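Participant: I would like the atomic coordinates for the input below:
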Amino acid sequence: MNERIRVREVRLIDENGEQLGVLPTSEALRIARDRGLDLVEVAPMATPPVCRLMDYGRYKYEQTKRERDARKHATKVELKEVRLRPKTDEHDIDFKTRAVQRFLKDGDKVKVTLMFRGREMAHPQIGRQILEQMAEAVREFGQVERMPLMEGRTMTMILAPLKTKASPAAPAATPAPASSPS
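Facilitator: Prediction:
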């Protein structure tokens, strides 16, 4: 930027994007000072290097403002967890399934964890069946991101919300002409 540019000549682009041609660096700096702008090197590896006339302070401010707005509008997906046991009663599973549906509607991922104890470890198919039933029950709200997987004494499955497609706007319906009674 400005005096830090150490090459003999540069290709100069003005503040409107118009090329001013290849000029000596001192001449480019003089033009920048006359216009009250900074000389900023934008392509240092080009031959000759490309420099642009711009208000560098304003450019940095707008760049940080764009980054801040991008962070503000970014959606954060949380991972919620629902825990079950193989002996969990049917009503309780239905209750947990409704909670999973609510989480998926809100756009969060859900980790469904089924914990085994003692002799329950001998029957992992029971746990897999419960998780598959839950996945089937929430199919209209989410999809299975990771199938049920046994990790030690727990079996886990991850559900992700469905990707919503932007529905095209329906054309405005024109009212039918009123028919007069004959």
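Participant: Just the buried positions in whatever helix or strand L39 lives in, please.
Facilitator: Here L39, judged by DSSP states H and E, is contained in strand 38-43. For strand 38-43, the neighbour count (16 or more other Cβ atoms under 10 Å) marks D38, L39, V40, E41 as buried. For every residue, glycine as well, the C-beta is placed using N, CA and C.
Participant: Stretch 91-106 now?
Facilitator: Result for stretch 91-106 [16+ other Cβ under 10 Å]: buried residues I93, K96, T97, V100, Q101, F103, L104.
Participant: Alpha carbons only: can I get it in PDB?
Facilitator: Extracted in PDB, the C-alpha atoms of stretch 91-106 (Å, rounded to 0.1, in the frame of the first residue of the first chain):
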ATOM      1  CA  HIS A  91     -45.800 -44.200  25.500                       C
ATOM      2  CA  ASP A  92     -42.500 -42.800  26.600                       C
ATOM      3  CA  ILE A  93     -41.000 -43.600  23.200                       C
ATOM      4  CA  ASP A  94     -43.900 -41.800  21.600                       C
ATOM      5  CA  PHE A  95     -43.300 -38.800  23.900                       C
ATOM      6  CA  LYS A  96     -39.500 -38.800  22.900                       C
ATOM      7  CA  THR A  97     -40.500 -39.100  19.200                       C
ATOM      8  CA  ARG A  98     -42.600 -36.000  19.400                       C
ATOM      9  CA  ALA A  99     -39.600 -34.200  21.000                       C
ATOM     10  CA  VAL A 100     -37.400 -35.300  18.100                       C
ATOM     11  CA  GLN A 101     -40.000 -34.100  15.600                       C
ATOM     12  CA  ARG A 102     -40.100 -30.700  17.400                       C
ATOM     13  CA  PHE A 103     -36.200 -30.500  17.300                       C
ATOM     14  CA  LEU A 104     -36.200 -31.400  13.600                       C
ATOM     15  CA  LYS A 105     -38.900 -28.800  12.800                       C
ATOM     16  CA  ASP A 106     -36.700 -26.200  14.500                       C
END
